[in-house]
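Q: for reference, the sequence and a predicted model appear below.
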Amino acid sequence: QVRLVESRGGLVQAGGSLRLSCAASEHTFDSYAMGWFRQAPGKEREFVAAISWDAVNTNYADSVKGRFAISRDNAEKTVYLQMHNLKPEDTAVYYCAASTITGTAATLSGFYTFWGQGTQVTVSS
């Protein structure tokens, strides 16, 4: 069982920045791909960003490319999502996820086996 604990999100004005973190309990964290997903009210959960186990490869949703950056610190068992130039449409509950199936930067939620509790990010216009 992998426990994932996300940092608190928050309320940010449009154009602002916010960094989310997600700490894992599992000592084999460095073998897992990690991802961030989000779910806005009334919408399905969607992929945001993913990073391979060794941080060599990353993937991003088109909607966040150039604005968001995913990174990881395997020594600290933590994955980060740095968000810049936030827009009201980025408002959602953000979830981090760990994949014990693959170490590559998977974009499909089905590859992820453990999920955090979610953290609210609200961007005001």
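A: Sure thing, it's come through.

Q: okay, Gly35 and Gly42: tell me how far apart.
A: Distance of Gly35 to Gly42, computed by Cβ to Cβ, to the nearest Å: 22 Å. From N, CA and C alone the C-beta is placed, and that goes for glycine too.

Q: likewise Val121?
A: From Val121 across to Gly42, the span is 16 Å (Cβ to Cβ).

Q: the more surrounded of those two?
A: Shown here are Val121 and Gly42; by other Cβ atoms under 10 Å, Val121 has more neighbours (20 against 5).

Q: centre-most residue in the protein?
A: Trp36 (2.3 Å; Cα atoms, centre = their mean).

Q: show the pLDDT at the nearest residue to that residue once chain neighbours are set aside.
A: Take Trp36 and drop its neighbours on the chain: the residue closest to it by Cβ to Cβ, 6 or more residues apart in numbering is Val48, 4.3 Å away. Confidence at Val48, expressed as pLDDT, is 98.
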